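Would you be able to build a 3D model of this:
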Amino acid sequence: MSLDSIEDKINLLYLIDSNKEVRLLKYLDVEIWPVLRMQIGNKLWKDNNIEVKKQRKTNVFSVIQSYGNYFKYFFKDRYNNQKISKADVLVISSSVYRNTMIDGKFIHRIADPIILHHQNKGDNVVHFEFSGSREIYKTPRFLSSVFIQPLCKTSQIAARLLYVFFLFTPDFKLVKNKISEIYAKNNVSAILPNKLLMDIIYLRVLSIVYTPFVRYINPKRAYVIPYYCYEGYAFVRSCKRLGIPVYDVQHGVQGKYHYAYSKWHQSPGDSYSVFPDGFVVNNKKDKELLESLLPFCKIELFENGLKNILRNSKSYENEKIKLKELLPSGRNKLVLITLQKGRGFPEIYKQLINNSAELSVYWLIRFHPAMTDEKNEITNVLRQIPNDKIDIKVANELTLLSLLDSVDMHITEFSTVAFEAAAEGIKSIVVHKTGLKYYEAEITSGLIIYSEDIKVITSEISDFTSIEK
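Just a heads-up that it's a prediction; the model follows:
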């Protein structure tokens, strides 16, 4: 099967998914396919132009460092440490989305609006927050939460010890061979079978660790952000086994070309213990789309109130003033480039900036929130570009809303910022074939422009008439 297009890749996943034996494959009573599907998808979609560093290994030093980070930020932001108690709603999220600062505090841009919504209804909410392999802590927090990274790290250590024991068991060897057969039959490769099974052990252990906490809190419903990471899978499994409905909350592009949401052979919510019962999306278009892709899952609309929170904050006007002070006098265009995780700084951006000398453009380069390992490498690349009208400092310090309220144009490969820019009346140009598929309807309607031709992009910028902000 050809894998030249994004349709070919998603169809390959669907082909594998259609095999009943693959869907029924389990290890330690955990379904393998939903996890393996994401790993194969990650490999198929990753046509990186730089090498992304591997995740940090769990060793003695990393364990000491992890607990050290936890205690450091636990005490540093002690007044925002939430107590675990009975609650109506339980939220678990990755700290990577706590990347927007309001009045000197970091707001979790996905979880906090949901939490405020429920609190305004009179619901008690508990928020579990894991920092992931990169140990990301952003403090002080806008709303309180429970740092659970020690639970995750301890579970990782336990999983590694159990892995040594399970490695030589017949079940481990059987499932390992089955995974290798899936790779060989479909001419794909992804995570090594041994590594996948060690991660499944971690998932299983963490699910066991979560369960008494979830049972004690006893929420009426739960949210996970996102579901497709091991901390998310384990949480979904714990909730579903306790009969608590759990929903994934939209945090980026979804739709027919996202392998976490599209082309499932049967209803994954009913078939897999690690797949959510439903999904919360932030616009009607995505609600209708997911309803068509996942007809047996409940899809709810929640219009994220983050914009109102930001615009009512004291720091909002200060940010706009700061951005104006950044600009050189007499500038004509202010263009925002939003980068993608795992994509580095693509060659097309270098060419575009190098060919912009006559455009009087000031470039704002904004990193993806999860680009932890790539920042230094990209910064070094930008230093080699002979253009003094490039900013990465203010572009990443300010909220996205403040930037969109001030820029003239937005350029990206396929970031969901294109949607957010459109909502603010800002024209976006997508410069990658994946973006062509993600924003097919918007491109057809003229709301978003697609081009990978430097001359065309340059012409669009040149012809664009700046609207006074």
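
how about the nearest residue to Ala418, chain neighbours excluded?
When the adjacent residues along the chain are set aside, Ala418 lies closest to Ser428, with 4.1 Å between them (CB to CB, 6 or more residues apart in numbering). Using the backbone N, CA and C atoms, a C-beta is placed for each residue, glycine as well.

What strand or helix carries that neighbour?
Applying DSSP states H and E as the criterion places Ser428 in strand 427-430.

what do you get for Tyr210?
Per DSSP H and E: helix 193-217 holds Tyr210.

Could you list every helix and strand in contact with that helix?
strand 30-31, helix 33-45, helix 149-166, helix 170-186, helix 230-241 (3 or more CB pairs under 8 Å, 6 or more residues apart in numbering; DSSP states H and E).

residues making contact with the shortest one?
Counting contacts by CB atoms under 8 Å, 6 or more residues apart in numbering, the residues outside strand 30-31 that touch it are Arg23, Leu25, Ile200, Leu203, Arg204, Arg237, Ser271, Tyr272, Ser273, Val274.

again, but for stretch 445-453
When contacts are defined by CB under 8 Å, 6+ apart, stretch 445-453 is touched by residues 348, 418, 422, 427-433, 435-436, 439, 442-443, 457, 460.

if we can go back for a sec, what's the first helix or strand after the strand holding Ser428?
helix 433-438.

can you list the domains in the chain?
Listed domain ranges for the chain are 1-313, 314-463 (source: automatic domain parsing).

what sits against the residue nearest to Ala418?
Contacts of Ser428 by CB under 8 Å, 6+ apart are Met409, His410, Ile411, Thr412, Val417, Ala418, Ala421, Ala422, Ile448, Ile449.

Name the member of these that has the highest neighbour count.
Ala418 (28 neighbours; other CB atoms under 10 Å).

Confirm it sits in a strand?
No. Per DSSP: H, G, I helix; E, B strand; the rest coil, Ala418 lies outside any strand segment and is helix.

give the contact list for it.
If you count contacts by CB under 8 Å, 6+ apart, then Ala418 has His410, Thr412, Ser428, Val430, Gly435, Tyr439, Glu442, Ile448 around it.

which among the contacts of Ser428 gets closest to Ile115?
Val417 (23.4 Å; CB to CB).

got a list of what Ile392 touches?
Here Ile392 is in contact with Ile365, Arg366, Phe367, Ile378, Thr379, Leu382 (criterion: CB under 8 Å, 6+ apart).

Check Pro34 too.
Contacts of Pro34 by CB under 8 Å, 6+ apart are Tyr233, Pro268, Tyr272, Val274, Phe275.

Farthest pair within those residues?
Tyr233 and Pro268 (12.1 Å).

where do the helices sit along the stretch 301-450 of the chain?
Secondary structure of the stretch 301-450 of the chain (DSSP state H, counting those that start in this stretch): helices at 306-311, 315-326, 347-354, 375-383, 394-397, 400-404, 417-423, 433-438, 440-445.

what about the nearest residue to Arg221 once chain neighbours are set aside, neighbour count?
Nearest residue to Arg221 in three dimensions, chain neighbours excluded: Pro245, at 5.1 Å (CB to CB, 6+ apart). A count of nearby residues for Pro245, using other CB under 10 Å, gives 15.

For Pro245, report the pLDDT, please.
Looking at Pro245, its pLDDT stands at 97.

Not counting its own residues, what contacts the helix or strand of the chain with the lowest mean pLDDT?
Least confident helix or strand of the chain, by mean pLDDT, DSSP states H and E, is helix 268-271 with a mean of 73. Residues outside helix 268-271 that contact it (CB under 8 Å, 6+ apart) are Arg23, Glu31, Pro34, Phe275, Pro276, Asp277, Gly278, Leu294, Phe296, Cys297.

so of those residues, which ones are in strands?
Among those, the members found in strands (DSSP state E) are Glu31, Gly278.

which residues of the protein score low on pLDDT?
Low-confidence segments of the chain, defined by pLDDT under 70, span residues 1-2, 47-60, 269, 326-332, 464-469.

that's a strand at Phe106, yeah?
Yes. Assessed by three-state DSSP, Phe106 belongs to a strand.

Could you double-check that it sits in contact with Ser95?
No. Phe106 is beyond contact range of Ser95, at 9.1 Å (criterion: CB atoms under 8 Å).

more crowded one of those two?
The neighbour count for Phe106 versus Ser95, taken as other CB under 10 Å, is higher for Ser95 (25 against 21).

Now do the more buried one against Phe213, distance only.
18 Å (CB to CB, to the nearest Å).

For the contacts of helix 268-271, pick the one with the most neighbours.
Pro276 leads those on contacts (other CB under 10 Å) with 29 neighbours.

Once you drop chain neighbours, what's closest to it?
Nearest residue to Pro276 in three dimensions, chain neighbours excluded: Asp248, at 4.5 Å (CB to CB, 6+ apart).

Does the one you found belong to a helix, a strand or coil?
Three-state assignment for Asp248 (three-state DSSP): strand.

so how far is Leu116 from it?
Going from Asp248 to Leu116 by CB to CB gives 19 Å.

The two: who's more crowded?
Taking other CB under 10 Å, Asp248 and Leu116 do not tie; Asp248 has more neighbours (24 against 17).

How about the contacts made by that one?
Tyr223, Val224, Ile225, Pro226, Tyr227, Gly232, Pro276, Gly278, Phe279, Val280.

The one helix or strand the second one maps to: how far from the chain's middle?
This means Val224. Following DSSP H and E, one finds Val224 within strand 221-225. In terms of CA atoms, centre = their mean, to the nearest Å, the centre of strand 221-225 is found 15 Å from the chain centre.

Pull the residues that contact that strand.
In contact with strand 221-225 (CB under 8 Å, 6+ apart) are residues 88-94, 97, 110-111, 114, 214, 232, 235-236, 239, 244-249, 251, 276, 280.

Just want the angle from it to helix 193-217.
150 degrees (axes from the mean of the first three to the mean of the last three CA atoms, to 10 degrees).

Flag every buried residue along the helix holding Tyr210.
Using 16 or more other CB atoms under 10 Å as the burial criterion, the residues of helix 193-217 that qualify are 193, 196-207, 209-211, 213-214, 217.

Deepest in the core, which of the helices of the stretch 301-450 of the chain is it.
Of the helices of the stretch 301-450 of the chain, the one with the most neighbours on average (mean count of other CB atoms under 10 Å) is helix 400-404, at a mean of 22.

Alpha carbons of that helix, in PDB - could you do that?
C-alpha atoms of helix 400-404 as PDB (Å, rounded to 0.1, in the frame of the first residue of the first chain):
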ATOM      1  CA  LEU A 400      -1.900  33.900  21.900                       C
ATOM      2  CA  LEU A 401      -5.000  36.100  22.100                       C
ATOM      3  CA  SER A 402      -2.900  39.200  22.600                       C
ATOM      4  CA  LEU A 403      -0.800  38.200  19.600                       C
ATOM      5  CA  LEU A 404      -3.800  37.600  17.400                       C
END
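
mind listing what Ser462 touches?
Leu359.

Show me just the buried residues among the contacts of strand 221-225.
Of these, these count as buried by 16+ other CB under 10 Å: 88-94, 97, 110-111, 114, 214, 232, 235-236, 239, 244, 246-249, 251, 276, 280.
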